[in-house]
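>>> Sharing a model that was predicted from the sequence below.
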There are 2 protein chains.
Amino acid sequence: MAGDMAFELPAKCDRCVVRHKAICGALSENELKDLNRIARQRRIPTGQVIAADSDIVFANILDGVVKLTKTLSDGRQQIVGLQFPPDFLGRIYAKESPYFAEAATDVELCAFPKDGFERMLRQYPDLEHRLFENTLDELDSAREWMLLLGRKTARERVASLLLMIARRAPDVGCTHTPEIRFSRFSLPLTRADLADYLGLTLETVSRQITNLKKEGVIELVDNREIIVPDVDILEDVAGN
Amino acid sequence: MAGDMAFELPAKCDRCVVRHKAICGALSENELKDLNRIARQRRIPTGQVIAADSDIVFANILDGVVKLTKTLSDGRQQIVGLQFPPDFLGRIYAKESPYFAEAATDVELCAFPKDGFERMLRQYPDLEHRLFENTLDELDSAREWMLLLGRKTARERVASLLLMIARRAPDVGCTHTPEIRFSRFSLPLTRADLADYLGLTLETVSRQITNLKKEGVIELVDNREIIVPDVDILEDVAGN
DNA sequence: TCGCGCATTTGATACAAGTCAATGATTACA
DNA sequence: TGTAATCATTGACTTGTATCAAATGCGCGA
């Protein structure tokens, strides 16, 4: 144990599934060692809250899906962001998190303490730059979703979401190349979560899914496992 | 003319209305001179497109309101962002603008050429940091708006928008301190724009405004000029 | 001052999605 | 192996907002 330093590192970057795709890709070997020193792996079960209010967590998502939610005082809820590996999680430079972060599935994180991480941001401009580019992309996605929430029909919303998940979720042994326009994936969300993300009720989501199934746009292996025989058709249904 | 260098500067920062509040606040005197050298003031009339697709503009907004819009192929439109002075305008680090930027009112910009500005970003990390913080705030607002678009009623949406404009729009000689909860402002948008921002039709917006008027939550001086006798009440109506 | 064009309001009706309620399917656990 | 718990589907009905269609108000230029 004492002889093998690697085992004592809290997270082993060289074997990390996400090493080059996450924000860590912005760092040199030595800088990475620095970051590694303050990193700690955490496992979060489905449904558990990861960050709320002043309890902010910074982390890379190694596995699973995290939903960011906002809620009105009477309980109406909206998912305002979905994060997959290798996304970075956490609202930096803020005292309070403007949303709740909750595990939509079992989640594995590579987490960093707030102070240490913000110190590193100041120290390594490349790291901050990387995070900045991430944030710009997130803003683009949020605005894309505003178009969906403001203007798309229930049918188009459901199709758009399936499309988004087909593109972003880790592939479940699917063929999904530019030519063969076929996709198979498993939904990381319940119908209620889908509804909260789409600004609909769970019944409407269910009805739209059965409609798409009847029309052959999608096939259901089971409630969570979905096959898209022709992604082009799904794209048509999604609108844009 | 030749003797007075100040007149030859394209934008005169020392007299700039926005000098300390805009991203320029992140720069020292000398750095500011650098930025000033590439800046050019531009006046844009209502309705004109400022940025679309690969034609990206970077600028500080000095006066007026800019709307960022996205449109579906069949013409359905959604405003995905509203920008007031001293906001920074432009999607940096991208080849294509993911939305249209259009002047909602007559607009005055302090514009920077793309290449020169991105060079300065790399040169002055403080400038990039400032822009990063802006972007994080914009992301928070976008997500706030997702909650509105996904879950609020027409009535709540209209109230929320009035509230937002009361807070952000440059005050039109209004009392608006924490104690005296009274506000007067002029809407920088047509009913159609309001509708596009709220994910509603212009008729619905109009009806909701007349309802709020009948109930005394707001008063209309004319179609564009609005008085809020008690902001607390408007906040109640807005939901949250 | 007239009349044109545009923005806004108002009304009647249609429809998409919400609500309420029951049933079915799947998993988990005792 | 049954039984509860969770998740999803389906149905009947309601409702908020959209749609379609006038009507009104208002600014602006001739």
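Everything's here; your move. Numbers count the residues shown, from 1 in each chain, chains lettered A, B, ... in the order given.
>>> Distance of the residue positioned nearest the centre of chain A relative to chain B?
The residue at the geometric middle of chain A, judged as the C-alpha nearest the mean C-alpha position with CA atoms, centre = their mean, is A:Gln83 (1.3 Å). Note on A:Gln83: its distance to chain B, by CB to the nearest CB, to the nearest Å, is 13 Å. Any C-beta I mention is one placed from the backbone N, CA and C, and that applies to glycine too.
>>> OK, contacts around that residue?
The contact partners of A:Gln83, taken as CB atoms under 8 Å, 6 or more residues apart in numbering or on different chains, are A:Ile61, A:Val65, A:Val66, A:Lys67, A:Leu68, A:Leu89.
>>> likewise A:Gly116?
A:Gly116 sits in contact with A:Ile38, where contact means CB under 8 Å, 6+ apart.
>>> Which helix or strand contains it?
Assignment of secondary structure by DSSP states H and E places A:Gly116 within helix A:114-123.
>>> Buried residues, that helix. List them.
For helix A:114-123, burial by neighbour count (16 or more other CB atoms under 10 Å in any protein chain shown) applies to A:Phe117, A:Met120, A:Leu121.
>>> Out of the residues you listed, the closest to DNA strand C would be?
Lowest distance from DNA strand C to these (CB to the nearest atom of the strand) belongs to A:Phe117, with 35.0 Å.
>>> What's the separation between the closest one and DNA strand D?
With distances taken as CB to the nearest atom of the strand, to the nearest Å, A:Phe117 is found 33 Å from DNA strand D.
>>> Hmm, that residue is touching A:Arg37, no?
No - between A:Phe117 and A:Arg37 no contact is recorded; they are 11.5 Å apart, counting by CB atoms under 8 Å.
>>> Let me know the pLDDT of the nearest residue to A:Arg19 once chain neighbours are set aside.
Once flanking residues are discounted, A:Arg19 sits nearest to A:Cys13: 5.6 Å by CB to CB, 6 or more residues apart in numbering or on different chains. According to the model's per-residue confidence, A:Cys13 sits at a pLDDT of 84.
>>> got it, and A:Thr69?
The predicted local distance difference test score for A:Thr69 is 97.
>>> same check, this time on A:His176
Looking at A:His176, its pLDDT is 54.
>>> Contact partners for A:Leu163?
A:Val231, A:Leu234, A:Glu235, A:Ala238.
>>> Now it: which helix or strand?
Applying DSSP H and E, one finds A:Leu163 within helix A:154-168.
>>> All the strands of chain A, residue numbers only.
Counting by DSSP state E, residue ranges of the strands within chain A are A:40-44, A:49-51, A:58-63, A:66-71, A:77-83, A:88-89, A:100-103, A:107-112, A:183-186, A:219-220, A:225-228.
>>> quick one: the fifth one to helix A:154-168, angle?
Spelled out, that is strand A:77-83. Relative orientation of strand A:77-83 with respect to helix A:154-168: 30 degrees, computed using axes from the mean of the first three to the mean of the last three CA atoms, to 10 degrees.
>>> what about strand A:77-83, near DNA strand C?
No - for strand A:77-83, no contact with DNA strand C is found by CB under 7 Å from any atom of the strand; the gap never falls below 11.3 Å.
>>> where's that strand relative to the chain centroid, distance-wise?
For strand A:77-83, the gap between its own C-alpha mean and the chain's C-alpha mean amounts to 9 Å (CA atoms, centre = their mean, to the nearest Å).
>>> Each with direction, which strands does that strand pair with?
Using DSSP bridges, the strands paired with strand A:77-83 are strand A:66-71 (antiparallel).
>>> And the partner strand, how far out from the chain middle?
Averaged over its C-alpha atoms, strand A:66-71 has a centre that lies 11 Å from its chain's centre (CA atoms, centre = their mean).
>>> do stretch A:37-50 as well
Centroid separation for stretch A:37-50 versus its chain: 14 Å, with CA atoms, centre = their mean.
>>> ok, and for that stretch, which residues are buried?
For stretch A:37-50, a neighbour-count test (16+ other CB under 10 Å) marks A:Ile38, A:Ala39, A:Ile44, A:Ile50 as buried.
>>> what two of these have the greatest distance between them?
With CB to CB as the measure, no two of these lie farther apart than A:Ile38 and A:Ile44, at 18.8 Å.
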